[in-house]
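1. need a structure here:
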Amino acid sequence: MSIAVTANNLSITFGATKMLPDVSFHVEPGECFGLIGESGSGKSTVLRCISMLNGFWTGDIRLGGTPVRDMAPVERCRMVQMVFQDPYGSLHPRQSIRTALSEPLRIHGLDRREGRIRRAIADVGLPVDFLDRYPHQLSGGQRQRVAIARALILDPALLLLDEPTSALDVSVQAEILNLLTRLRQERGFTSIMVTHDLAVVSYMCDRFAIMQRGDIVEVLNRTALERAEAVHPYARELIETSLAYEGRHLLPGTQ
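-> Take a look at the predicted model:
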């Protein structure tokens with residue numbers, strides 16, 4: 001199941017500081033859409049507005065054509081789930097993995113909980129006996145797999161990913177990205193991914209928006225990235241800096 005996401009004139013102000021000056025974008029059903037930019041550019045804030053973790057915004061956010069503010073919290077939480085950056089902090093240290101996975105099912109009144117829990121842990125590539133372990137008994141990558149299983153156990157239409165691999169070792173990052181790619185292909189959910197890593201964007205995202213100081217300066221697809229078709233000066237600079245860091249220069253006029 002997937003859903004379209006539309007944001008129009010999304011704006012949020014903290015004190016005298018306007019963090020998001022009228023952000024607008026559209027995500028197609030089943031698409032993986034990226035938000036990329038330097039730290040403090042507003043990427044994670046956008047996810048928190050969509051999920052209503054932060055409700056102090058103006059503008060319009062629609063999920064499948066329905067304003068997110070008009071959705072009952074239970075309906076919204078069933079439809080939208082989020083995976084956070086830090087797998088060490090997103091799981092309760094005193095709850096077993098079984099408890100962590102069963103809690104969403106209990107809240108939403110779903111039956112056959114044991115079967116759903118076992119399928120969820122297997123879908124992310126972990127043994128069933130991990131259900132009786134606690135977060136401190138798992139590696140960072142295993143914890144993030146549990147966090148993904150918890151997010152997907154309700155079969156959401158939209159998965160929000162807030163730099164889900166940045167706190168992990170490089171080798172583990174690739175495993176998590178491959179896992180997310182496989183799960184999206186199997187389930188068809190829409191996803192919005194925040195990242196600062198251009199390689200992650202190139203691998204995961206169908207399209208991506210480049211943000212600068214809370215504003216979207218350009219939206220590109222994967223082909224435009226490969227062909228170096230960025231137009232906005234900041235977008236070009238950001239992409240070239242990232243590619244140069246990796247030892248590659250793909251933009252015209254560079255060496």
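2. who touches stretch 47-58?
-> 5, 7, 9-12, 20, 35, 45, 61, 63, 68-69, 73, 76, 80, 82, 158, 160, 162, 192, 194 (C-beta atoms under 8 Å, 6 or more residues apart in numbering). Backbone N, C-alpha and C define where each C-beta goes, glycine included.
3. from the residues you listed, which ones fall inside strands?
-> 5, 7, 9-12, 20, 35, 61, 63, 80, 82, 158, 160, 162, 192, 194 (DSSP state E).
4. could you turn the buried ones of these into a ChimeraX selection?
-> Buried members of the ones in strands among the contacts of stretch 47-58, defined by 16 or more other C-beta atoms under 10 Å, are picked up in ChimeraX with:
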select :5,7,10,12,20,35,61,63,80,82,158,160,162,192,194
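5. okay, strands next: where are they in the stretch 51-200 of the chain?
-> All strands of the stretch 51-200 of the chain, identified by DSSP state E, counting those that start in this stretch, fall at 57-63, 66-67, 80-83, 158-162, 190-195.
6. could the ones you listed go into JSON lines alongside distance to residue 131 and mean pLDDT?
-> Converted to JSON lines, those look like this (distance: least, C-beta to C-beta, whole Å; pLDDT from 0 to 100):
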{"stretch": "strand 57-63", "distance to residue 131": "31", "mean pLDDT": "95"}
{"stretch": "strand 66-67", "distance to residue 131": "35", "mean pLDDT": "95"}
{"stretch": "strand 80-83", "distance to residue 131": "19", "mean pLDDT": "95"}
{"stretch": "strand 158-162", "distance to residue 131": "22", "mean pLDDT": "96"}
{"stretch": "strand 190-195", "distance to residue 131": "26", "mean pLDDT": "95"}
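7. using TSV, lay out the ones you listed together with distance to residue 140.
-> Below are these laid out as TSV (distance: least, C-beta to C-beta, whole Å):
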stretch	distance to residue 140
strand 57-63	31
strand 66-67	36
strand 80-83	13
strand 158-162	16
strand 190-195	17
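8. not counting residues beside it along the chain, what's closest to the residue nearest the centre of the chain?
-> The centroid of the chain falls nearest to residue 161 when counting by C-alpha atoms, centre = their mean (1.5 Å). Closest residue to residue 161 apart from its sequence neighbours, by C-beta to C-beta, 6 or more residues apart in numbering: residue 193 at 4.2 Å.
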